[in-house]
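In: Got a predicted model here, sequence first, then my questions.
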Amino acid sequence: MTVVSNTTPIIALSSIGKLDLLHELCGDIIVPEAVYSEIKAKKSFGYSEIESPFIKVKAVKGEIYKDLLLTQLDLGEAEVILLAKELKAQAVIIDESLGYRIARNSGLHVVRTLSLLLKAKEKGMILQVKPLLDEMINKGLWFSDKVYKLFLTKAGEM
């Protein structure tokens, strides 16, 4: 399965020591060069994890639409969408709402980090999502109260 990831999912899962879930659920993960550069720009969560053997860095070949996407998205999100289209990826992992909508509107199957945690729980890889979500928040990731409550309700933990 070909899966292309944006920056935030890698940082979020690395922050709680659960990047391995990404590999267990999706196999090898592809990131565009811009995502790799974003993560390596700061020694923080994901900095060393991005070097995991299951994460492959690929360059975007056709950049004809990059400028168009950059009017609304950051470089990483734009390259994720372009690379996923080039590779005919089965899934894209993007958390930011605008990037999510643009990727979905361009015909890509898009998932978010929280969806991955829910799937991991359903498969018995983790017992609960609430402690992991709370840990992500304590490590600096932000989720609205609405998203927090809806997600925990969906997970049967609220």
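Out: In hand now; what should we look at? Computed from a predicted structure; not experimentally measured.
In: Please name the residues that touch A34.
Out: 75-76, 78-79 (Cβ atoms under 8 Å, 6 or more residues apart in numbering). Quick note: C-beta positions are derived from backbone N, CA and C, even for glycine.
In: what secondary structure does Q128 sit in?
Out: What DSSP: H, G, I helix; E, B strand; the rest coil gives for Q128 is coil.
In: wouldn't it be in contact with M158 here?
Out: No: using Cβ atoms under 8 Å, Q128 makes no contact with M158, being 11.4 Å away.
In: Could you work out the most separated pair of the contacts of A34?
Out: Within those, G76 and A78 form the most distant pair, 7.2 Å apart (Cβ to Cβ).
In: which strands and helices sit next to the longest helix along the chain?
Out: Ranked by residue count and defined by DSSP state H, the top helix of the chain is helix 75-87. Taking 3 or more Cβ pairs under 8 Å, 6 or more residues apart in numbering; DSSP states H and E as contact, the helices and strands that helix 75-87 lies on are strand 3-5, strand 29-32, helix 33-40, helix 66-69, strand 91-93, helix 97-105.
In: can you rerun that using 7 Å?
Out: Here helix 75-87 touches strand 3-5, strand 29-32, helix 33-40, helix 66-69, helix 97-105, going by 3 or more Cβ pairs under 7 Å, 6 or more residues apart in numbering; DSSP states H and E.
In: re earlier: and Q128 and M158? which has more neighbours close in?
Out: Set Q128 next to M158 and count neighbours by other Cβ atoms under 10 Å: Q128 wins out with 14 against 11.
In: ok now do that one, which residues does it touch?
Out: By Cβ atoms under 7 Å, 6 or more residues apart in numbering, the residues touching Q128 are E157.
In: for the protein, which spans come out with low pLDDT?
Out: Along the chain, the parts satisfying pLDDT under 70 run over 63-71.
In: Could you list the domains of the protein?
Out: For the chain, automatic domain parsing gives the domain ranges 3-114, 116-154.
In: Quote the end-to-end distance of the shortest one.
Out: This means domain 116-154. 13 Å (Cα to Cα, to the nearest Å).
In: export stretch 20-37 as CSV, just CAs?
Out: Provided in CSV are the C-alpha atoms of stretch 20-37 (Å, rounded to 0.1, in the frame of the first residue of the first chain):
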residue,chain,number,x,y,z
ASP,A,20,5.5,2.3,15.1
LEU,A,21,1.7,2.3,14.9
LEU,A,22,2.0,4.1,11.6
HIS,A,23,4.2,1.4,10.2
GLU,A,24,2.0,-1.4,11.6
LEU,A,25,-1.2,0.1,10.1
CYS,A,26,0.2,1.4,6.8
GLY,A,27,3.5,-0.3,6.0
ASP,A,28,6.2,1.9,4.5
ILE,A,29,5.4,5.6,4.6
ILE,A,30,6.5,8.0,2.0
VAL,A,31,7.2,11.7,2.7
PRO,A,32,8.1,14.4,0.2
GLU,A,33,11.3,16.3,0.7
ALA,A,34,9.5,19.3,2.1
VAL,A,35,8.1,17.2,5.0
TYR,A,36,11.5,15.7,5.7
SER,A,37,13.0,19.2,5.7
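In: Many thanks, have a good one.
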